[in-house]
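Trainee: Could you work out the structure for the sequence below:
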Amino acid sequence: MRALHVITGLGVGGAEQQLRLLVRNLPVDCDVVTLTNPGAVAEGLTADGVRVMHLGMRGNRDLAALPRLVRLIRGGRYDLVHTHLYRACVYGRTAARLAGVRAVVATEHSLGDSQLEGRRLTAGVRGLYLASERLGRATVAVSPTVAERLRRWGVPGPRIEVVPNGIDVAGFRFDPARRESTRRRLGLPQGAYVVGGVGRLTSAKRFEVLVRALADLPDDVWLLLVGGGPQESVLRRAAQRRGVADRVLFTGERPNGPAAPHAPGAQGAQGAQGSLDLPSLLGAMDVLASPCAEEAFGLAVVEALAAGLPVLYVSCPAVDDLPKDAAPAARRVQGGADSFVRALRQARAQGPGPRAAPDAAHHYSIARSADRLMDIYTAATLGVSST
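Mentor: Modelled structure (predicted):
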């Protein structure tokens, strides 16, 4: 089987890194086309031996990109097209059908109750999404919560399949030597208690809640924010206003594995970090805090659990969809900065745990997700339901 994955961009983000991990584990000949931004994940895919093409799309209304994508799909003689993220789903499903490919699968990575990929949902966005959804064979939800949201939108239930995001559990295994080395490279004081936040620095992730909480925590508590995005300057100013700028570290975007040698390192105060990857940074933390109120899955939470971290979260379908004892170190926090202050004080008072991955992390292994997706691919190419 030859499959083409179509994605909106290939910068370092959850959906993008999930695609790379899936391609590594799928027993399928896969190519990838990115509509925009062939960033660090594109480099990683290329290093893995995957053919990556850039469509050069200039914006959401660059309709000239559609015939280019049609020609690319026809020329590749693909058996199946798999689309990821909103813009790629709209253009990719349409192009696939125009190119004569009927086996079209789409994954919905980031659908919230009121937001799609961090942007406010509108009637127009919903209408265009539903119109293009009818051109595919199946829409994959990354959690039962997202599947229910799709049904409420109007996507027919039989067309929705649930395939959770997957992680390489072994890659996040805690290593005490790596922890000490990473903390030294970050310039953290001996004995610092490190609160971590992982994700795109956007308003939807609500990392300003953690900055506000830090101001009411002891001076040996630090905040380590892993990710890049448009809110970084806003968060830096907030930290300055509250007098905690010297205790907040911004790492920029970080890959899930070792970065390519030519990949750019972090700039400014964190420049000495070099090529630190996400597993190293999670190992340096003492707790992960996730203040986002509308997660579609909660990949950062699952990765933190795989690293053996206690987790405080506002929204995480990946944890809430499992039995309570699957993630005993994960705790839901309701409210804003004051609630996180109380929860962080309690987490610190409980002391460090064993740093072993709980059942929840093993439940979301990438091998299981790839196997389930292959069932959907097979059904789509045969033109039948996979349920």
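Trainee: sec struct for Leu309, please.
Mentor: For Leu309, the reduced secondary structure class is coil; criterion used: DSSP: H, G, I helix; E, B strand; the rest coil.
Trainee: Surely it touches Ala357?
Mentor: No. Because the distance of 9.9 Å does not satisfy C-beta atoms under 8 Å, Leu309 is recorded as not touching Ala357. For every residue, glycine as well, the C-beta is placed using N, CA and C.
Trainee: Going by how many neighbours each has, rank these two and give me the top one.
Mentor: Leu309 (26 against 21; other C-beta atoms under 10 Å).
Trainee: List the residues that contact that one.
Mentor: Taking C-beta atoms under 8 Å, 6 or more residues apart in numbering, we find Leu309 in contact with 196, 282, 285-288, 329, 355.
Trainee: switch the cut-off to 7 Å
Mentor: Applying C-beta atoms under 7 Å, 6 or more residues apart in numbering to Leu309 gives the contacts 282, 285, 287-288.
Trainee: Run through the strands of the stretch 251-387 of the chain in chain order.
Mentor: Per DSSP state E, counting those that start in this stretch, the stretch 251-387 of the chain carries strands over the ranges 287-290, 311-313, 330-332.
Trainee: Quick check: can you name the pairing partners of the longest one and their directions?
Mentor: Going back to what we said before, that points to strand 287-290. With DSSP bridges as the test, strand 287-290 is paired with strand 193-198 (parallel), strand 311-313 (parallel).
Trainee: which residues are contacting that strand?
Mentor: Contacts for strand 287-290 (C-beta under 7 Å, 6+ apart): 195-198, 210, 298, 300-301, 304, 309-314, 316, 340, 344, 347.
Trainee: picking that back up, any chance of the contacts of Leu309 in JSON lines, with pLDDT, distance to Val32 and neighbour count too?
Mentor: As requested, the contacts of Leu309 are arranged in JSON lines below (pLDDT from 0 to 100; distance: C-beta to C-beta, whole Å; neighbours: other C-beta atoms under 10 Å):
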{"residue": "Leu282", "pLDDT": "97", "distance to Val32": "26", "neighbour count": "26"}
{"residue": "Met285", "pLDDT": "98", "distance to Val32": "31", "neighbour count": "25"}
{"residue": "Val287", "pLDDT": "98", "distance to Val32": "35", "neighbour count": "22"}
{"residue": "Leu288", "pLDDT": "98", "distance to Val32": "29", "neighbour count": "26"}
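Trainee: can you name the two of those that are farthest apart?
Mentor: Largest separation among the contacts of Leu309 by C-beta to C-beta: Leu282 and Val287, giving 10.7 Å.
Trainee: between the two, what contacts are shared?
Mentor: Taking C-beta under 7 Å, 6+ apart as the contact criterion, the residues that touch both Leu282 and Val287 are 196, 309.
Trainee: Provide a list of residue ranges in the protein with pLDDT below threshold.
Mentor: The model of the chain has pLDDT under 70 over residues 112-119, 257-275, 384-387.
Trainee: Need the single longest helix in it, by residues.
Mentor: When secondary structure is assigned using DSSP state H, the longest helix within the chain turns out to be helix 366-382.
Trainee: Distance from the chain centre to it, please.
Mentor: Mean-position distance between helix 366-382 and its chain equals 20 Å (C-alpha atoms, centre = their mean, to the nearest Å).
Trainee: try stretch 121-138
Mentor: For stretch 121-138, the separation from the chain centroid amounts to 22 Å (computed by C-alpha atoms, centre = their mean).
Trainee: so Cys30 bridges to which residues?
Mentor: For Cys30, the residues forming beta bridges with it (DSSP bridges) are Ala3.
Trainee: Pretty sure it sits against Arg51.
Mentor: No. In this structure, Cys30 is not within contact of Arg51 by C-beta atoms under 7 Å, at 8.4 Å.
Trainee: If you count surrounding residues, which of these two has more?
Mentor: Between Cys30 and Arg51, counting by other C-beta under 10 Å, Cys30 is the more crowded of the two (22 against 13).
Trainee: if I look at that one, how far off is Leu55?
Mentor: With distances taken as C-beta to C-beta, to the nearest Å, Cys30 is found 17 Å from Leu55.
Trainee: Gly166 too?
Mentor: In this structure, Gly166 and Leu55 are separated by 27 Å, where distance is defined by C-beta to C-beta.
Trainee: Between the two, which is the more surrounded one?
Mentor: Between Gly166 and Leu55, counted using other C-beta under 10 Å, Gly166 has the larger neighbour count: 24 against 21.
Trainee: Could you pull up the residues touching that one?
Mentor: Applying C-beta under 7 Å, 6+ apart, one finds that Gly166 lies in contact with 21, 364-366, 368-370.
Trainee: What remains of those if I keep only buried residues?
Mentor: Using 16 or more other C-beta atoms under 10 Å as the burial test, the contacts of Gly166 include 21, 364-366, 369-370 as buried.
Trainee: Identify, from these, the entry nearest to His5.
Mentor: Closest approach between those and His5, by C-beta to C-beta: Leu21, at 12.1 Å.
Trainee: Excluding sequence neighbours, find me the nearest residue to that closest one.
Mentor: The spatially closest residue to Leu21, leaving aside those adjacent along the chain, is Ile366, at 5.2 Å (C-beta to C-beta, 6 or more residues apart in numbering).
Trainee: pretty sure the one you found is in contact with Leu26, am I right?
Mentor: No. Using C-beta under 7 Å, Ile366 is not in contact with Leu26, being 9.8 Å away.
Trainee: Output the contacts of Leu309 in CSV, with distance to Ala65 appended to each entry.
Mentor: Converted to CSV, the contacts of Leu309 look like this (distance: C-beta to C-beta, whole Å):
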residue, distance to Ala65
Leu282, 37
Met285, 40
Val287, 43
Leu288, 38
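Trainee: and of the residues you listed, the nearest to Ala170?
Mentor: In terms of C-beta to C-beta, no member of these lies closer to Ala170 than Leu282, at 13.7 Å.
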